[in-house]
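S.K.: Have a look at this fold, sequence not included:
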C-alpha cells in the first residue's frame, strides 16, 4: 500500500485547490490536503511539521508565496515547497528557486504537478537520509574521539609523507606539545637522535609488511626521556587505499625498571654462585691436601717401622 501524502496547500481559491487535489488523486496518489489562505493559519499548521509537502500560490489577497516560503524554511527547513500559481515570469521563478523553493508549476499546466511532487518527495527523503548519515557520522566521530582521548596510551595517525593527521590528548599531555606544534612535526622528531634510525626502520617495515613494533625513548618538550613501545600498522580508507600509518605507544618505564632489577639480581646471583663455587673448590682442595698429607705420614711411619726392624 502506497503511503498517504499529507499536503498543506496555501491557496485562496477553493476551486483551484479542488482542481489540484483531483489532479493528484487521478494520478493514483493517495493524499490528505489541508487548505489555508491566511498567514496565521499557515503558521499554525506548520507548528508540528506534520505535512510531507507544501503547495503554495504565489499571490494571495492578504499573504504572498515568498513570505510563506521564508516561514516554511525557518520552521520546517527540509519540507519540500512547490509553487502552484497562475502566472510567474522567468525572473520570479528564478527568485523562488534561489529562495529555497523545490519547484514551480503553472496552473494551466498541471500535468507537471504530480511528477514535481514525487520528485520533491524523493529529494526530501534523500536529504533526510544524508542528514541521518551525517548525524551518525558526527556521533561516531564524537564517540571515537572520546574513546581515544580516554586512552592513557599515545595514539597517532600520520600520512605516507610523515605529516600527522590525528592524535589523542595523551600525546599532548605526555609529550607536552600543542596541537599546532605536533601538526608541524614529523614522527622521528619526538625521539632521541640515536633512536631515529630504528624508528625509521620500523616505519619502513610497516609500509612493507603492514605491521611492526619498536622500542624507543620519547623526548618530551621539557627534555625528559620516557621509554615507549610503539605498535604501528597501515591504515586504509573506505575504498581500501592505504592513506597512512596508525600507531599506539605504551609507556614501558615500569617494565624497564623491572627488567633492570632482574638483570641486577641475576648479576648478583651469578656473583654469589661464583663465590660459593670458589669456596667449595678451595675447601675441596684443602680436604684433598689433608688426605694426601695423611697418606704421606702413614708412608713415613711405615718406612720408620721398617727401618727400626732392619736395624
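M.R.: Alright, I've got the coordinates. Given the structure is predicted, the values throughout are model-derived calculations rather than measurements.
S.K.: which residues in this structure form helices?
M.R.: According to DSSP state H, the chain carries its helices in the segments 14-26, 39-46, 65-75, 90-98, 113-150, 169-175, 179-183, 196-209, 253-310.
S.K.: Reformat the ones you listed as TSV; add mean pLDDT, distance to residue 229 and mean neighbour count.
M.R.: To be clear about C-beta, it is placed using only N, CA and C from the backbone, and glycine gets the same treatment. Output for the helices of the chain, formatted as TSV (pLDDT from 0 to 100; distance: least, C-beta to C-beta, whole Å; neighbours: other C-beta atoms under 10 Å):
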stretch	mean pLDDT	distance to residue 229	mean neighbour count
helix 14-26	94	68	15
helix 39-46	94	60	16
helix 65-75	93	56	17
helix 90-98	86	59	13
helix 113-150	86	18	13
helix 169-175	90	14	18
helix 179-183	91	20	12
helix 196-209	91	11	15
helix 253-310	76	8	10
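S.K.: May I see those arranged in a markdown table, with distance to residue 230 as well?
M.R.: Shown next, in a markdown table, are these (distance: least, C-beta to C-beta, whole Å):
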| stretch | distance to residue 230 |
| --- | --- |
| helix 14-26 | 65 |
| helix 39-46 | 57 |
| helix 65-75 | 52 |
| helix 90-98 | 54 |
| helix 113-150 | 16 |
| helix 169-175 | 12 |
| helix 179-183 | 15 |
| helix 196-209 | 7 |
| helix 253-310 | 14 |
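S.K.: Contacts only, for residue 244.
M.R.: Taking C-beta atoms under 8 Å, 6 or more residues apart in numbering, we find residue 244 in contact with 157, 158, 159, 160, 165, 234, 235.
S.K.: Can you tell me which of the residues you listed end up in strands?
M.R.: Residues of the contacts of residue 244 located in strands (DSSP state E): 157, 158, 159, 165, 234, 235.
S.K.: just curious, which of those residues is nearest to residue 273?
M.R.: Nearest to residue 273 among those: residue 234, at 48.3 Å, using C-beta to C-beta.
S.K.: For that closest one, give me its contacts.
M.R.: Applying C-beta under 8 Å, 6+ apart, the residues contacting residue 234 are 206, 207, 210, 211, 242, 244, 245, 246.
S.K.: any idea how the protein splits into domains?
M.R.: Following automatic domain parsing, the chain resolves into domains at 5-142, 174-251.
S.K.: Mind putting those into JSON lines with distance to residue 264?
M.R.: Formatted as JSON lines, the domains of the chain follow (distance: least, C-beta to C-beta, whole Å):
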{"stretch": "domain 5-142", "distance to residue 264": "48"}
{"stretch": "domain 174-251", "distance to residue 264": "17"}
